[in-house]
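> I'd like to go over a predicted model; first the sequence, then the structure.
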Amino acid sequence: MQKKKIVIVGGGPAGMMAAISAAALEQDVVLLEKNTSLGNKLLLSGKGRCNLTNAETLEYFLQRFSKNGSFLRDAFKKFFNRELMDFFQTRGLKLKVERQLRVFPVSDRALSILDILTAELNKLGVQVVFKSKLANLLIKEHRIEGVRLENGVNILADRVILASGGASYSFTGSDGGGINIAQKIGHLVIPLRSGLVPLEVKEDYPKKLEGLTLRNIRLKFSSEKTEIVSEIGELVFTAFGVSGPLVISLSSKVGDLLLESKTLELEIDLKPALTEEQLDNRLLREFKLNAKKSFKNTLKTLLPLRLITLFIQESKIDAFKKCSQITQGEREKLLSLLKSFRMVITRTRPIEEGMVTRGGVSLKEINPRTMESRRIKGLYFCGEMIDLDGDTGGFNLQAAFSTGYLAGASAAVDYSA
């Protein structure tokens, strides 16, 4: 195999794995990072614990991505969750599988992951250059020739891999710059949007409930034509609306609905384990057992304390009315609130707050078997800068590692020659 100069732009998970993959095939690899350290966003993943991947099957994985999941089939066949786990375990890192088959380092520290990656880069002789921000690509007759940095330095290369990330969490250095350059040289870019992000609501009462977590609930998002129903899980109120695992995991689908709907309503089922009939019977029992107690005090058996005032307000039932005096109509109103507490969704939070970026370089212009550009020979894409986004649970990181691995290997073995 002829030795080539391969320049990789971006020192996140995809870029580091691309560098390791190419260097393992004895190529001359340079990794450019505009920050002063590698893996800044990686260190934030999984709330600092780094949900490395998921132990689910290939087919399940593909379903956890928005419409474009099938694009990843080739990358996953080359380097999937078992290969990724083996990569770290054979280098001394112990892993564990938690609920929903999420994989974490036993240390519960993302730094443990980064340490393995940086050690491997050093071992393979990858040249890492910090404070090196990409200004443009050097291209001649639709073939890559190198990169130009903002400081005016040109670095010639046989192959270039762009792994500069999306536009979310821009304080980590992921500011969409690489995507802009791809667009400037003629690539189609799908407009960037926030993914895995909290939602804003029209009503103002979430401000009063900020920080309150509702557990064991179910959500339903409804537009004029479509509805999305969640699993049972958690929601957290914020100053501007709602967040938490259920909201975050469905936010991308909700974002799509917002683009095509005039109105999007959220219904919270606070008692999803009970049918309306079962819950109505429970209310009858509660009111009978607490006949002399006030409505307000009896609600303490049904709701978190911080929701009680709001439910009294919305039900329009006198807080001090004795339970024995609650009418059927009032009970039905309370039942409706418990099974369908409603809010109007106005928008997703800004892209800077998204865990991932939706959109990016169009998959139509990337060869899924190699990650090479269909427009520029010798140019490859990987990671979050391409138009792929998945659910929470380790899916996005696995996609970054897999596309990075395939891009590095493809650039090294020169499939495009």
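Received, thanks.
> residue contacts, Gly125?
Counting by Cβ atoms under 8 Å, 6 or more residues apart in numbering, Gly125 touches 23, 29. Heads up, the C-betas are built off the backbone N, CA and C, glycines and all.
> Help me confirm that Val7 comes into contact with Val160.
Yes: counting by Cβ atoms under 8 Å, Val7 touches Val160, with 5.0 Å between them.
> Mutual contacts of these two, please.
Between them, Val7 and Val160 share the contacting residues 146-147, judged by Cβ under 8 Å, 6+ apart.
> which residues of the stretch 51-200 of the chain fall in strands?
53-54, 95-97, 102-105, 127-130, 134-140, 143-149, 154-156, 159-162, 189-195, 199-201 (DSSP state E, counting those that start in this stretch).
> Pick out the shakiest of those strands, pLDDT-wise.
Of all the strands of the stretch 51-200 of the chain, the minimum mean pLDDT falls on strand 189-195 (a mean of 92).
> who's in contact with that strand?
Outside strand 189-195, the residues that reach it (Cβ under 8 Å, 6+ apart) are 166-168, 176, 179, 182-183, 251-252, 255, 348-362, 387, 389.
> Give me the neighbour count for the spatially closest residue to Lys4 that is not a sequence neighbour.
Distances taken as Cβ to Cβ, 6 or more residues apart in numbering put Asp158 closest to Lys4, at 4.0 Å, once the chain neighbours are dropped. Neighbour count for Asp158, taken as other Cβ atoms under 10 Å: 19.
> Let's see stretch 89-103 as CSV, backbone CA atoms only.
Extracted as CSV, the C-alpha positions of stretch 89-103 are listed here (Å, rounded to 0.1, in the frame of the first residue of the first chain):
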residue,chain,number,x,y,z
GLN,A,89,-11.7,-3.1,26.3
THR,A,90,-8.5,-4.5,24.7
ARG,A,91,-6.8,-1.2,25.7
GLY,A,92,-7.7,-1.7,29.3
LEU,A,93,-11.0,0.2,29.7
LYS,A,94,-13.7,-1.6,31.5
LEU,A,95,-17.3,-1.1,30.2
LYS,A,96,-20.7,-1.7,31.6
VAL,A,97,-24.2,-2.0,30.1
GLU,A,98,-27.0,-0.2,31.9
ARG,A,99,-30.7,0.2,31.3
GLN,A,100,-31.9,0.3,27.7
LEU,A,101,-28.6,-1.4,26.8
ARG,A,102,-26.6,1.9,27.1
VAL,A,103,-22.9,1.3,27.4
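> Name the residues of that stretch that are buried.
Neighbour-count burial for stretch 89-103, counted by 16 or more other Cβ atoms under 10 Å, picks out 93, 95, 102-103.
> that older thread, select, out of the strands of the stretch 51-200 of the chain, the one closest to Ile366.
Closest approach to Ile366 among the strands of the stretch 51-200 of the chain is made by strand 159-162 (10.6 Å; Cβ to Cβ).
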